[in-house]
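Trainee: when you get a sec, could you give me coordinates for this:
(3 chains)
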Amino acid sequence: MNAKKVGKVQEPNSKNDFFDNVYEVVRLIPPGRVTSYGAIAAYLGSKRGARMVGWAMGNSHTQYNVPAHRVVNRNGLLSAKNLFETPTAMQERLESEGVTVKDDVVQNWQQTFWDPEKELL
DNA sequence: GGTATGACTGTAT
DNA sequence: GATACAGCCATAC
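Mentor: Coordinates of the predicted model:
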């Protein structure tokens, strides 16, 4: 498959199992596309692990060079915008990539939605 | 080891 | 159709 190791971190290798998978998938998200936590979690095998996906990102947020701005909730809402450098950084970044965001919600969500199980698989 | 919290999701009211 | 509650998995205290 694709390059599994993109850049090890100083974190222990125990919990990195799930985390690394999340980061990898997020990094594989093409520009102008976004995905949901549930999609990533489901791709990892834990559909109910959506929280862990978000938590994993929140734990590292931009520290791992991961485009977290491409990851939104199931409604296409920029739930993480508040955790970014600035509450508008996420939206600005998405729009910069060609994603239309309005009222902190991704427009054309169905079209902008990127499913790792379909696109990446 | 148990309790509380969390960038979520789905079902129920 | 919108709001409320419960479930799931992992980390932190």
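Trainee: from DNA strand C, how far out is A:V34?
Mentor: Noted for A:V34: a distance of 20 Å to DNA strand C, by CB to the nearest atom of the strand, to the nearest Å. Placement of C-beta: from N, CA and C, glycine included.
Trainee: if I look at that residue, how far off is DNA strand B?
Mentor: From A:V34 to DNA strand B the distance is 10 Å (CB to the nearest atom of the strand).
Trainee: next up, phi/psi of that residue, please.
Mentor: Dihedral pair for A:V34: phi -140, psi 160, per degrees, to the nearest 10.
Trainee: kindly report the same for A:E95.
Mentor: Dihedral angles for A:E95 - degrees, to the nearest 10 - are phi -60, psi -30.
Trainee: what's the neighbour count on it?
Mentor: 14 (other CB atoms under 10 Å).
Trainee: with adjacent residues omitted, what lies nearest to it?
Mentor: Leaving aside its sequence neighbours, A:E95 sits nearest to A:V101 (CB to CB, 6 or more residues apart in numbering; 5.6 Å).
Trainee: quick check, A:L94 in a strand?
Mentor: No - using DSSP: H, G, I helix; E, B strand; the rest coil, the assignment for A:L94 is helix, not a strand.
Trainee: please name the bridge partners of the most centrally placed residue in chain A.
Mentor: Nearest to the mean C-alpha position of chain A, by CA atoms, centre = their mean, lies A:V71 at 3.2 Å. Following DSSP bridges, A:V71 is listed with bridge partners A:T35.
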